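**Q** What shape does this take:
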Amino acid sequence: MTDAEKKDSFSRIFPGRVEKLIKSLKVLCNCSKKSGYMWDQDLVHDVWVTIATVFQESAKDFGVDFSIMVDGEEVQYVKPKRKRKKA
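**A** Numbering: from 1, shown residues only. Here you go, the predicted model:
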């Protein structure tokens, strides 16, 4: 595959996938409406940290480096808040 073909392929696929990802995040945020939902704050914290970490790792694959801030502090690793149930 030539560089031009690779670039064309990326231009066709990438924007649609980005739009789908953004739409999925917006749908997920519908769950934040307290009039309809109640959630475990520790679980939500841990899930968003996980999502941020996946974004950070994915961005790095594209040569983009960014930091994750949790509760106002830049972190490399955030200890999960939710205690796991023992089996």
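**Q** got the buried residues for stretch 52-72?
**A** For stretch 52-72, burial by neighbour count (16 or more other CB atoms under 10 Å) applies to 52, 68. Backbone N, C-alpha and C define where each C-beta goes, glycine included.
**Q** That stretch: end-to-end distance?
**A** 14 Å (CA to CA, to the nearest Å).
**Q** can you list the residues that contact it?
**A** 49, 74, 75, 76, 78 (CB atoms under 8 Å, 6 or more residues apart in numbering).
**Q** Is residue 82 part of a helix or strand, or is it coil?
**A** With DSSP: H, G, I helix; E, B strand; the rest coil as the basis, residue 82 sits in coil.
**Q** Enumerate every residue touching it.
**A** 40, 42, 43, 45, 46.
**Q** what about it, distance to residue 58?
**A** Per CB to CB, to the nearest Å, residue 82 is found 24 Å from residue 58.
**Q** domain ranges for the chain?
**A** Using automatic domain parsing, the domain parsing of the chain gives 1-34, 39-87.
**Q** In a markdown table: those domains, plus mean pLDDT.
**A** As requested, these are exported to a markdown table (pLDDT from 0 to 100):
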| stretch | mean pLDDT |
| --- | --- |
| domain 1-34 | 96 |
| domain 39-87 | 83 |
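**Q** okay if I get the contacts of residue 82 as TSV plus secondary structure, distance to residue 25 and neighbour count?
**A** TSV is the format used below for the contacts of residue 82 (DSSP: H, G, I helix; E, B strand; the rest coil; distance: CB to CB, whole Å; neighbours: other CB atoms under 10 Å):
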residue	secondary structure	distance to residue 25	neighbour count
40	coil	20	11
42	helix	21	12
43	helix	17	12
45	helix	17	16
46	helix	17	16
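**Q** which one of these sits closest to residue 28?
**A** residue 43 (13.4 Å; CB to CB).
**Q** Now do the same contact list for the closest one.
**A** Here residue 43 is in contact with residue 82 (CB under 8 Å, 6+ apart).
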